[in-house]
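K.L.:
here is a sequence with its predicted model. Questions after.
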Amino acid sequence: MSENSRKSIPTALKNFDDLPDSANVRQPVVHACSPASVWRGVNAGRIPKSRKLSPRTTCWNVGELRQALAVAGNQGA
């Protein structure tokens with residue numbers, strides 16, 4: 001990824017490619033538009049289900065997100 005394209009990426013996403021599959025990320029990394037879009041995607045099965053780390057902490061597994069992105073990319077091709 002070029003430095004110019006990295007500058008336009010939100011801060012929360014800049015290091016996504018460097019994270020191990022076992023990492024967990026919070027909602028700002030998952031949503032591209034709005035938090036409601038994330039939950040619609042979860043309900044529709046486009047985004048993997050979240051995990052509760054604590055009563056007020058929700059996260060998603062990076063490996064599962066990558067798999068969902070790969071499936072979505074293959075469906076668009």
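P.N.:
Alright, I've got the coordinates.

K.L.:
what segments of the chain are strands?
P.N.:
Per DSSP state E, the chain carries strands over the ranges 24-25, 51-54, 57-61.

K.L.:
now those in JSON lines, with distance to residue 14?
P.N.:
Where you see a C-beta, it was placed from the backbone N, CA and C, and this is true even at glycine. Output for the strands of the chain, formatted as JSON lines (distance: least, CB to CB, whole Å):
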{"stretch": "strand 24-25", "distance to residue 14": "12"}
{"stretch": "strand 51-54", "distance to residue 14": "22"}
{"stretch": "strand 57-61", "distance to residue 14": "17"}
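
K.L.:
I'd like these as CSV, with distance to residue 35 and mean pLDDT appended.
P.N.:
Listed next are the strands of the chain as CSV, based on distance: least, CB to CB, whole Å; pLDDT from 0 to 100:
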stretch, distance to residue 35, mean pLDDT
strand 24-25, 14, 94
strand 51-54, 16, 94
strand 57-61, 10, 95
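
K.L.:
hey, which helix is longest across this protein?
P.N.:
helix 62-76 (DSSP state H).

K.L.:
list of residues touching that one?
P.N.:
16, 19, 20, 21, 22, 23, 24, 25, 30, 46, 47, 48 (CB atoms under 8 Å, 6 or more residues apart in numbering).

K.L.:
nearest to residue 36, of the strands of the chain?
P.N.:
strand 57-61 (14.2 Å; CB to CB).

K.L.:
helix or strand with the lowest mean pLDDT in this structure?
P.N.:
Of all helical and strand segments in the chain, the minimum by mean pLDDT, DSSP states H and E falls on helix 3-7, at a mean of 52.

K.L.:
returning to that earlier point: average pLDDT across the longest helix of the chain?
P.N.:
Taken as a whole, helix 62-76 has an average pLDDT of 87.

K.L.:
how far off centre is that helix?
P.N.:
10 Å (CA atoms, centre = their mean, to the nearest Å).
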